[in-house]
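Novice: Turn this into a model:
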Amino acid sequence: MRDLSSRVRVGGGILDLPPARLRNAAVEDELREEYPNNVPNIAILGSGGGQRAMVGMLGSLYQMGKEGLLDAALYVSGVSGSTW
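Specialist: Below you'll find the predicted structure:
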């Protein structure tokens with residue numbers, strides 16, 4: 001069974017760590033197998049717009065988590081409504 005444990009870092013600056021240290025190790029290995037020469041840096045961004053944006057972002061993050069896709073993201077960010 002796949003390890004879905006994760007860590008959350010809240011901060012206002014960019015980390016000085018290499019991307020491989022930010023992802024789940026199993027996900028990093030899978031990405032290296034698929035893209036041996038250039039592992040992509042994946043970000044998830046949410047737009048503003050109030051409650052509708054918040055519900056949309058929550059639904060997207062929920063489904064990505066269920067599918068195991070959220071583990072591949074290095075960054076999750078949003079503005080205005082999507083960050084409630």
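Novice: Export only the CA atoms of the longest helix anywhere in the chain, formatted as CSV.
Specialist: Across the chain, the longest stretch assigned as helix under DSSP state H is helix 51-67. Taking Å, rounded to 0.1, in the frame of the first residue of the first chain, the C-alpha atoms of helix 51-67 are listed here in CSV:
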residue,chain,number,x,y,z
GLN,A,51,-17.1,30.9,-1.8
ARG,A,52,-17.3,29.3,-5.3
ALA,A,53,-13.5,29.4,-5.7
MET,A,54,-13.1,27.9,-2.2
VAL,A,55,-15.5,25.0,-2.9
GLY,A,56,-13.8,24.4,-6.3
MET,A,57,-10.3,24.4,-4.8
LEU,A,58,-11.4,22.1,-2.0
GLY,A,59,-13.1,19.7,-4.4
SER,A,60,-10.0,19.6,-6.6
LEU,A,61,-7.6,19.1,-3.7
TYR,A,62,-9.9,16.4,-2.2
GLN,A,63,-10.0,14.4,-5.5
MET,A,64,-6.3,14.8,-6.2
GLY,A,65,-5.6,13.5,-2.7
LYS,A,66,-7.9,10.4,-3.3
GLU,A,67,-6.1,9.7,-6.6
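Novice: quick one: buried residues of that helix?
Specialist: Neighbour counts over helix 51-67 (16 or more other C-beta atoms under 10 Å) mark 53-54, 57, 61, 64 as buried. C-beta here means a position set from N, CA and C on the backbone, and glycine is covered the same way.
Novice: Among these, which one sits closest to R32?
Specialist: M64 (20.5 Å; C-beta to C-beta).
Novice: Setting the sequence-adjacent residues aside, check what's closest to that closest one.
Specialist: In space, and not counting its chain neighbours, M64 is closest to L70: 4.3 Å by C-beta to C-beta, 6 or more residues apart in numbering.
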